[in-house]
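Asks: Sequence and computational prediction follow.
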Amino acid sequence: MANYSEVLDRAAAAYGIETEYTDIWGRIHKTPERVTRAILASLGVPTGTAEEIERSLEGRALARWSRPIPPALVVRQDAGAIPLHMSAERSGGSVKLEIRWESGDLQHHWCWLPELPTLETVTVAGREFVAKRMPLPAPLRLGYHEARVYWVTETGLETIGEARFIVCPKRARSFEGRAAGVALSLYGLRSARNWGCGDFTDLRTAIGMLAKAGVSFVALNPLHAIPNRQPYNTSPYLPQCIMYRNFIYLDVERVGGWRDAGSFAHEIEALRASEFVEYERVAQLKLSALRAVFEEFTASGGSPEFTEYEEAEGALVHDFAIYCALDVEMHRRNPDVWLWTDWPPEYLAIPALRPWLNSPKNTIRASCFTNSSSGTSTASWPRCRLTRSRKACGSASITTWRSLPTVTERTSGHTGRIMSMGAGSARPRTISRQMGRTGPFRRPIAMLIRTTVTSCSRNRFARTRGTAARCGSIT
């Protein structure tokens, strides 16, 4: 009888699950068996007995070898061949490879299987399969194409395999010579005019000074929306949503409709003088100011641009605004609640949410207004300060690189609780004409970040592809 632990490890390897990792102190941590079983179960693999796992692995292998080519083929431009899986009884025939290039052009390549080099021979579920080295036409064209494999019969062609055929460069685009850049944590920039947290105006100022120093790029931490609550909800890498940005980076004084900071002056001065970034106080202050701006905005009749923004974002921004309101309320009721999975169960159903769904329209629109002022992924609402910072970079011949968030809030809240992160905030960095007086950062204790494939959403992949395309890595 097969050893259960050994079979479980083989299943983990087959599905790409790590069985151990080494932490920053060099200590090896084994993945608990219950965790491996849970991950496999989430992938649809039965883990009750060793025999069940064996059958599942055999079925997986049979499916893989029965498919001549995988559903997606990713090769470098200099690739000369790809593996072709065939059953042993068909290894003496002919096949045709057809490539439909991104441009629409068709290219055909005929192969007689006995002439092709054999890469591997296996037996799965009593059936024999062979992997052949099928040559590719040269030169390959960069881009996203389609490949199809036909089995040549006496009466014609039989389609036996189809795939998305992706051709990438041999290496990512490299720049001539060396380039110097600066990595900035935007929240940590200190200035004599901000509200205790670096904002987009500070970023433009920094860009101007860095450009004069010959800097080629500025790297930024993620700017996505976060709860701005200490100690667990302030990491820029653990956002609530990757579709909207953190309003804490807004220069409220540059938002249209702002009057003056008279009533906030004392708090602003206190926040500027703070040794560390006071996320909660800054967020509360800016929200109060933005709500005041919104009241003035609606009293004056609003604007067609904002209406267009709401229509373009649709339910996405509306639902996110409701979520943010609920998040604040749940944490107010119970300070130990840090993420939505800890909400009372009734709030995960429609009946309890109905009062929030039917809340006064202006309350939700005010939250939408805050998101629009920060800039979003789709609409071009004119108050986006990040866009202006990008333009400043362009005029100064500086590239901006922004990090992607690691995980979403579902994981971040649990991670914070498990590791009991320190409550220390980041010490603001001073912007001076000489870029001097840069204060150190207080780092929290080591934090375990659990990453999964599912945390990489389609939207994030699309943005990554877009960035790579602009940098010349792909076309």
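Replies: Yes, it's here.
Asks: By mean pLDDT, point me to the weakest helix or strand of this structure.
Replies: helix 409-419 (a mean of 34; mean pLDDT, DSSP states H and E).
Asks: Mean confidence (pLDDT) on stretch 53-66, please.
Replies: Across stretch 53-66, the average pLDDT comes to 95.
Asks: how about it: buried residues?
Replies: 53, 56-57, 65 (16 or more other C-beta atoms under 10 Å). Yep, even glycine has a C-beta here, placed from its N, CA and C like the rest.
Asks: mind checking how far L57 is from E311?
Replies: 50 Å (C-beta to C-beta, to the nearest Å).
Asks: again, but for V252
Replies: Relative to E311, and taking C-beta to C-beta, V252 is found at 25 Å.
Asks: Flag every buried residue along the helix or strand hosting E311.
Replies: Counting by DSSP states H and E, the element that carries E311 is helix 304-313. Using 16+ other C-beta under 10 Å as the test for burial, helix 304-313 gives 306, 309-310, 313.
Asks: what's the angle between the helix or strand following it and helix 304-313?
Replies: In the C-terminal direction, the helix or strand that comes right after helix 304-313 (DSSP H and E) is helix 315-333. Counting by axes from the mean of the first three to the mean of the last three C-alpha atoms, to 10 degrees, helix 315-333 lies at 90 degrees to helix 304-313.
Asks: one step back: looking at the buried residues of stretch 53-66, which is nearest T159?
Replies: Checking those against T159 with C-beta to C-beta, the nearest one is W65 at 18.1 Å.
Asks: now that closest one, nearest residue through space, not along the chain?
Replies: What sits nearest to W65 in space, not counting adjacent residues and going by C-beta to C-beta, 6 or more residues apart in numbering, is F129, at 4.3 Å.
Asks: Show me what the longest helix anywhere in the chain is packed against.
Replies: The single longest helix within the chain, with elements called by DSSP state H, is helix 279-299. Judged by 3 or more C-beta pairs under 8 Å, 6 or more residues apart in numbering; DSSP states H and E, helix 279-299 is in contact with helix 265-273, helix 361-374.
Asks: next one: that helix to chain centre, how far?
Replies: The chain centroid and the centroid of helix 279-299 are separated by 29 Å under C-alpha atoms, centre = their mean, to the nearest Å.
Asks: ok, now stretch 63-78?
Replies: Worked out by C-alpha atoms, centre = their mean, stretch 63-78 lies 26 Å from the chain centre.
Asks: list the buried ones in it?
Replies: 65, 68-69, 73.
Asks: now stretch 127-146
Replies: So stretch 127-146, judged by 16+ other C-beta under 10 Å, has buried residues 129-132, 134, 136, 140-141, 145.
Asks: Same check on stretch 107-118?
Replies: Applying 16+ other C-beta under 10 Å to stretch 107-118 flags 111, 113, 116 as buried.
Asks: Check stretch 196-213 too.
Replies: Buried-residue list, stretch 196-213, by 16+ other C-beta under 10 Å: 196-207, 210-211.
Asks: Now intersect these with the helices, please.
Replies: 200-207, 210-211.
Asks: Go through these and say which is closest to A12.
Replies: Out of these, the member with the shortest distance to A12 (by C-beta to C-beta) is L203, at 44.1 Å.
Asks: Pull the contacting residues for C111.
Replies: 94-97, 134-135 (C-beta atoms under 8 Å, 6 or more residues apart in numbering).
Asks: Could you give the secondary structure assignment for H29?
Replies: For H29, the secondary structure call by DSSP: H, G, I helix; E, B strand; the rest coil comes out as strand.
Asks: That one - nearest residue in space that isn't next to it in sequence?
Replies: In space, H29 is closest to Y21, 5.6 Å off (C-beta to C-beta, 6+ apart).
Asks: Check whether the one you found really touches V35, as I assumed.
Replies: No - counting by C-beta atoms under 8 Å, V35 is not a contact partner of Y21; they are 11.8 Å apart.
Asks: so Y4 makes contact with T47?
Replies: No - with contact defined as C-beta under 8 Å, Y4 and T47 do not form a contacting pair (9.1 Å).
Asks: Need the residues touching each of the two.
Replies: Shared contacts of Y4 and T47, counting by C-beta under 8 Å, 6+ apart, come down to I53.
Asks: more neighbours, the two?
Replies: T47 (20 against 15; other C-beta atoms under 10 Å).
Asks: Helix, strand, or coil at that one?
Replies: For T47, the assignment made with three-state DSSP gives coil.
Asks: Just the pLDDT for it.
Replies: Reported pLDDT for T47: 93.
Asks: likewise V35?
Replies: V35 is given a pLDDT of 94.
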